[in-house]
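Asker: predicted model and sequence below, questions to follow.
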Amino acid sequence: MGKEFYQALLDPKGKLGIWGIATVILVGILLMIVPGFLGGNAETALPREQLREIKEFGLEEALSKQAEEILSQVQGIGSVAVFVFAQGRSDPIILKEKEPQIKGVLVVAEGAGNVAIKGQLSKTVQSLFALPAHRVMILPMKGR
């Protein structure tokens with residue numbers, strides 16, 4: 001399949017004409033639509049344990065728990081508590097489900113008294129939740 005084939009296919013006055021262009025467009029549309037039918041439902045993308053947590057505790061709590069598990073493994077942070085605030089689950093007026101937007105994250109960590117650890121925590125949470133710095137609050141945990 002050389003250059004001549006593609007020129008004949010896409011040239012409106014060529015061998016295939018408008019039908020060639022229409023075929024290319026149709027194949028493109030089918031390639032965008034068919035994977036949605038073959039891929040199954042979207043819930044299979046998340047592990048069942050995560051889906052169970054989200055249904056049982058809600059999105060905010062599930063995200064908080066996952067962030068706590070991840071951040072507590074970082075050296076120097078110590079024990080950590082995370083609160084995620086999300087908004088926009090459903091709109092009762094138009095009965096339309098919306099993807100929740102994370103509005104802010106509060107992290108309370110033992111190691112947050114250290115300026116370097118606090119900065120590292122802030123950047124990590126910003127990256128994890130795709131939030132700007134002003135929506136992330138890092139506080140030191142009071143002594144036990």
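Answerer: The structure has been received and is ready for your questions.

Asker: C-alpha from now on. contacts and neighbour counts both.
Answerer: OK.

Asker: tell me who's in contact with residue 135.
Answerer: Neighbouring residues of residue 135 by C-alpha atoms under 8 Å, 6 or more residues apart in numbering: 103-105.

Asker: just the ones of those residues in strands?
Answerer: Of the contacts of residue 135, the ones assigned to strands by DSSP state E are 103-105.

Asker: got phi/psi on residue 132?
Answerer: Backbone torsions of residue 132, given as degrees, to the nearest 10, read phi -70, psi 160.

Asker: count of neighbours near it?
Answerer: 14 (other C-alpha atoms under 10 Å).

Asker: with adjacent residues omitted, what lies nearest to it?
Answerer: Spatial nearest neighbour of residue 132, excluding adjacent residues (C-alpha to C-alpha, 6 or more residues apart in numbering): residue 126 at 6.1 Å.

Asker: need the contact list for the one you found.
Answerer: Taking C-alpha under 8 Å, 6+ apart, one finds 132-133, 136 in contact with residue 126.

Asker: would you agree it falls within a helix?
Answerer: Yes. The assignment for residue 126 is a helix, going by DSSP: H, G, I helix; E, B strand; the rest coil.
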